[in-house]
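[1] Sequence first, predicted coordinates after that:
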Amino acid sequence: AAAGVGGILRDIFTMGARPVALLDSLRFGDPSDARTSYLLGGVIGGIAHYGNCIGVPTVGGEISFDAGYAGNPIVNVMCVGVAPIVRLTRAGASGPGNPLLLVGADTGRDGLQGAAFASNEDPTASHRGVVQVGNPFLEKLLLEACLAVLETGDVLAMQDLGAAGLTSSAVEMAARGGLGVELDVARVPRRETGLTPFEVMLSESQERMLLLVARGREEAVRRHFARWDLLAEVIGQVT
């Protein structure tokens, strides 16, 4: 639930908008079941913790219970953001040769194939390695740094890393521009040893953003993020 809040916040500030409000739509199983009570407390705790730490209020939502959701709740999160229309940032690639920078958290094994896990039909099995681990304080830095870098004009496109991690974000950005993309997985900053290319590409580690930067402005963008204690690494280019 916490990772869901972090993800929906990134969906908003990746467009150059400042998040101002969160809402939630929740579905749980039989309220008299002890497992439902446990899940309910965990979900509400995750939502509250992430939103409170990053400073975006939860202003409303809804909740309902039905036996069909037993052991498999649904957490729908919504975020509202505000931005000047002229500063709306797209996620379509342009300019073959322009570099791609990965910004934010180092990549780990947490969240491997997390999107597939969301549809898993065995709620009793352990999925500890599949669940993403959120860090709202890091995301606050990423939020402020990303909104500020857009003022420089050096960033041509920005895409948050959600489901399927680098795989989906890089391919979607390239596809929107009708272009290709070349990545060097060896250049992706890691926080664990022994990660395979498969794991690097599919990791859903939180608090990461993919930026398309004007060629020749890579170092300026890296210095910008360094002022926020964030690592920005060139990992590829548009082709």
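    It's in.
[2] what residue ranges in the chain score low on pLDDT?
    111, 113-130 (pLDDT under 70).
[3] List the buried residues for the longest helix anywhere in the chain?
    Taking DSSP state H as the criterion, the chain has its longest helix at helix 34-54. Residues of helix 34-54 classed as buried by neighbour count (16 or more other CB atoms under 10 Å): Thr36, Leu39, Leu40, Val43, Ile44, Gly46, Ile47, Tyr50, Gly51, Cys53, Ile54. The way it works is simple: take the backbone N, C-alpha and C, and place the C-beta from them, glycine included.
[4] Can you lay out those residues as TSV showing distance to Ala214?
    Output for the buried residues of helix 34-54, formatted as TSV (distance: CB to CB, whole Å):
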residue	distance to Ala214
Thr36	51
Leu39	46
Leu40	48
Val43	42
Ile44	43
Gly46	38
Ile47	38
Tyr50	33
Gly51	34
Cys53	33
Ile54	29
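[5] distance of the residue located most distally from the centre of the chain from Gly71?
    Residue distances from the centre of the chain (CA atoms, centre = their mean) peak at Ser32, which lies 34.0 Å from the mean C-alpha position. Using CB to CB, to the nearest Å, Ser32 is found at 14 Å from Gly71.
[6] For my notes, confirm Leu138 occurs in a helix.
    Yes. Assigned with DSSP: H, G, I helix; E, B strand; the rest coil, Leu138 falls within a helix.
[7] correct me, but it touches Glu144?
    No. Using CB atoms under 8 Å, Leu138 is not in contact with Glu144; the gap is 11.3 Å.
[8] Neighbour count for those two, which is higher?
    Leu138 (20 against 14; other CB atoms under 10 Å).
[9] how about the nearest residue to the more buried one, chain neighbours excluded?
    Closest residue to Leu138 apart from its sequence neighbours, by CB to CB, 6 or more residues apart in numbering: Glu207 at 4.6 Å.
[10] Pull the contacting residues for that neighbour.
    The contact partners of Glu207, by CB atoms under 8 Å, 6 or more residues apart in numbering, come to Gly6, Arg10, Gly104, Ala105, Gly134, Asn135, Leu138, Glu139, Leu142.
[11] which non-adjacent residue is nearest Gly95?
    Leaving aside its sequence neighbours, Gly95 sits nearest to Val238 (CB to CB, 6+ apart; 6.3 Å).
[12] Surely the one you found is in contact with Arg176?
    No. The pair Val238 / Arg176 is not scored as a contact, 11.1 Å apart, by CB under 8 Å.
[13] Sketch out the strands for this protein, chain order is fine.
    18-28, 58-65, 74-82, 99-104, 155-160, 181-183, 208-213, 231-238 (DSSP state E).
[14] quick one on the thing from earlier: need the overlap of contacts for Val238 and Arg176.
    Common neighbours of Val238 and Arg176 (CB under 8 Å, 6+ apart) are Ala93.
[15] Please say which of the two ends up with more neighbours.
    Taking other CB under 10 Å, Val238 and Arg176 do not tie; Val238 has more neighbours (23 against 15).
[16] Tell me what that one is bridged to.
    Val181 (DSSP bridges).
[17] for Gln159, same thing?
    Beta bridges link Gln159 to Leu210 when assigned by DSSP bridges.
[18] so how far is Asp24 from Asn76?
    Counting by CB to CB, the gap from Asn76 to Asp24 is 7 Å.
[19] Compare these two and say which one has the larger neighbour count.
    Taking other CB under 10 Å, Asn76 and Asp24 do not tie; Asp24 has more neighbours (22 against 13).
[20] Could you list which residues are in contact with the more buried one?
    If you count contacts by CB under 8 Å, 6+ apart, Asp24 has them with Ile47, Thr58, Gly61, Glu62, Val75, Asn76, Val77, Met78.
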